[in-house]
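Visitor: the sequence isn't on hand, but the structure is:
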């Protein structure tokens, strides 16, 4: 599974509002919005940077454990606040505690409500566990409820990629692109789908486009280098190497 595909969609489609704020005691919080936003921003920053809170004792006192403890404290006061439920789900997931994460996601997704961010994370967990059928079911439901959410379509494309259904993946990715998914990411993922169809030249063209759109993103380079037995890919590797 291409973890970048799933992590990037998750990190960039989860809604965040507010900014860092001074930490206050739970009893002093009347509206949890700002505090949850601050804590969620910390977790998503870790996710985007590839840092995970597992067994790193160096981060426990003021980092990983502190974030989880704070969110849990807030939940005792605001158990129905949906952004807090989502933040807890993300926090548990980044610690490989998917059972706990799914507890909060199930609350968000009950009664087939439009909750695309929760569905994306739940689908990600399902794919990590090899259950692409559940992932697709969750996403298809949300596509009906929130058809204009780019991340739902992009994550569906990941499901089709895992299921070796490239044509369905291309269609889902095209919908995500039309709805505003980042061009550089769409190009990279389209390259993966072309690789699946063994169209190496088209794949490398998409990887090169992704790199051109976002030079700081280096994954396309590695994909192209792995395909340099193809003449088109070989030439594109020289182009990228000369930039």
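Guide: Done, it's in. Model, not experiment: these values are computed from the prediction. Residues are numbered from 1 along each chain as shown.

Visitor: all strands for the protein, in order.
Guide: Along the chain, no stretch is classed among the strands by DSSP state E.

Visitor: tell me where the longest helix sits in it.
Guide: The residue-count maximum for a helix in the chain (DSSP state H) belongs to helix 33-49.

Visitor: now do the buried residues in it.
Guide: 33-44, 46-47 (16 or more other C-beta atoms under 10 Å). The C-beta positions use only the backbone N, C-alpha and C, and glycine is treated the same way.

Visitor: in TSV, list the residues you listed along with distance to residue 226.
Guide: Listed next are the buried residues of helix 33-49 as TSV, based on distance: C-beta to C-beta, whole Å:
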residue	distance to residue 226
33	45
34	45
35	45
36	41
37	40
38	40
39	39
40	36
41	35
42	35
43	32
44	30
46	29
47	26
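
Visitor: what is the nearest of these to residue 129?
Guide: Minimum separation from residue 129 among these (C-beta to C-beta) is found for residue 47, which lies at 18.4 Å.

Visitor: which residues touch the closest residue to residue 123 other than its chain neighbours?
Guide: If you skip the residues right next to it in sequence, residue 123 has residue 135 as its closest partner in space, 3.9 Å away by C-beta to C-beta, 6 or more residues apart in numbering. Residues near residue 135 by C-beta atoms under 8 Å, 6 or more residues apart in numbering: 122, 123, 124, 126, 127, 155, 159.

Visitor: filter these to the buried ones?
Guide: Those of these that meet the buried threshold are 122, 123, 124, 126, 127, 155, 159, by 16+ other C-beta under 10 Å.
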